[in-house]
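In: compute the structure for the input listed below.
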Amino acid sequence: MRPYTRRILVIDDLADRDHDCDLLLDQNLHVDAQNRYKQHVPYGTIQFLGPRYALLRAEFDDGGLERARDGSVKRLLVFFGGTDPGNQTIKVVDALHALGSRAPESTIVLGPAHPYRDVIHMSVINLPNVQVLDATDRMSMLMAQADLAIGTCGVAAWERCALGLPCLVVVTAENQREDAEILHRLGAVEHLGDADEVNAENWENAIRRAMDERDRIQAMALAARDVMVGRRAALAELERVLVDGMH
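Out: Numbers count the residues shown, from 1 in each chain. Model prediction:
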């Protein structure tokens, strides 16, 4: 591609190979972010590091969706990504059953390739305050309306942070671990551990704690929003470099 463009941008989050590039973007959180790519990119490569540069759909930067959160948990949003191969969703459904009348109003979003779609739909028949959506193009609105989310890290983590939505998370893939642990230390999420080791009772207890600890959930919402502080300026900087540097 060198003959066809003045600059090459690489998008990476592994830092385990060399790149011939002028710009590099890694939107995830890392302990030693500034030095991870030092040996993998040419001298002078401009690096855009961290969630401020996350490549999100435009609606997640719509200020009209922002709202102040008081820490109360009345609406829950459950989303474990596009496939959820271990069916973590059913554990949360079981937790909602166990909560009974205390269960918050909940929306469960299933990815387009969810392998247990029919099982999930059947499992919520006796839960009048729970709706299941088979994929949606309204995720930003659902996140804005929710008081607490349940899910994993990945792109959804930055979507939630952009809207100041606190979250209970588990790790379903190794590349989520560092984000989950750092976000937990920052107070933006509660990291429950590896998904395979978290059961319905763990989810029930975590949801109960969230409903009972209003101040903590409010603090989580503020911490989540802080992850994206400076995003507008960061995106403007990224756009300027891309536009000025390309034919």
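
In: which stretches of the protein form helices?
Out: Per DSSP state H, the chain carries helices over the ranges 33-36, 88-99, 117-123, 139-145, 155-162, 177-186, 200-212, 214-226, 231-245.

In: next, the buried residues of the fifth one.
Out: This means helix 155-162. The neighbour-count check on helix 155-162 (16 or more other C-beta atoms under 10 Å) flags A156, A157, W158, E159, R160, C161, A162 as buried. In this view, the C-beta of every residue, glycine as well, is placed from N, C-alpha and C.

In: now swap in stretch 179-194 and tell me
Out: D179, A180, E181, I182, L183, H184, G187, A188, V189, E190, H191, L192.

In: got the contact list for the residue nearest the centre of the chain?
Out: In the chain, the residue lying closest to the centroid (C-alpha atoms, centre = their mean) is A157, at 1.3 Å. Shown in contact with A157 (C-beta atoms under 8 Å, 6 or more residues apart in numbering): P51, C167, V169, D179, L183, V189.

In: against V229, how distant is the first one?
Out: P51 sits 10 Å away from V229, taking C-beta to C-beta, to the nearest Å as the criterion.

In: with T5 instead?
Out: The gap separating T5 from V229 is 32 Å, by C-beta to C-beta.

In: for this structure, identify the residue most remote from the centre.
Out: P3 (37.4 Å).

In: which pLDDT value belongs to the closest residue to Y37 other than its chain neighbours?
Out: Once flanking residues are discounted, Y37 sits nearest to A15: 5.5 Å by C-beta to C-beta, 6 or more residues apart in numbering. Looking at A15, its pLDDT is 93.

In: contacts only, for A15.
Out: D26, H30, R36, Y37, H40.

In: and what of Y53?
Out: Y53 is in contact with L25, Q27, A234, L235, L238, counting by C-beta under 8 Å, 6+ apart.

In: count the residues that sit near the third one.
Out: Meaning A234. For A234, the neighbour count with other C-beta atoms under 10 Å is 18.

In: what's the separation between it and Q47?
Out: Distance, A234 to Q47, using C-beta to C-beta: 12 Å.

In: mark which of the contacts of Y53 are buried, thanks.
Out: Buried, going by 16+ other C-beta under 10 Å: L25, Q27, A234, L235, L238, out of those.

In: my guess is the fourth one contacts D61. True?
Out: So the one you mean is L235. Yes. Here L235 reaches D61: they are 7.5 Å apart, a contact under C-beta atoms under 8 Å.

In: lowest-pLDDT helix or strand in this protein?
Out: Lowest by mean pLDDT, DSSP states H and E among the helices and strands of the chain is helix 231-245, with a mean of 87.

In: before we move on, back to that, what is the nearest of the contacts of A157 to F80?
Out: Comparing the contacts of A157 against F80 with C-beta to C-beta places V169 closest, at 9.8 Å.

In: if you drop the residues flanking it in sequence, what lies closest to the closest one?
Out: V189 (4.9 Å).

In: before we move on, back to that, dump the least confident helix or strand of the chain to PDB, restricted to CA.
Out: Extracted C-alpha coordinates of helix 231-245, given in PDB (Å, rounded to 0.1, in the frame of the first residue of the first chain):
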ATOM      1  CA  ARG A 231     -12.700  12.000  24.000                       C
ATOM      2  CA  ARG A 232     -14.000  14.800  21.900                       C
ATOM      3  CA  ALA A 233     -10.600  16.400  21.600                       C
ATOM      4  CA  ALA A 234      -9.000  13.000  21.000                       C
ATOM      5  CA  LEU A 235     -11.300  12.200  18.100                       C
ATOM      6  CA  ALA A 236     -10.700  15.600  16.600                       C
ATOM      7  CA  GLU A 237      -7.000  15.000  16.800                       C
ATOM      8  CA  LEU A 238      -7.300  11.600  15.200                       C
ATOM      9  CA  GLU A 239      -9.600  12.900  12.400                       C
ATOM     10  CA  ARG A 240      -7.200  15.800  11.700                       C
ATOM     11  CA  VAL A 241      -4.200  13.500  11.400                       C
ATOM     12  CA  LEU A 242      -6.100  11.000   9.100                       C
ATOM     13  CA  VAL A 243      -7.500  13.700   6.800                       C
ATOM     14  CA  ASP A 244      -4.300  15.700   6.500                       C
ATOM     15  CA  GLY A 245      -2.200  12.600   6.000                       C
END
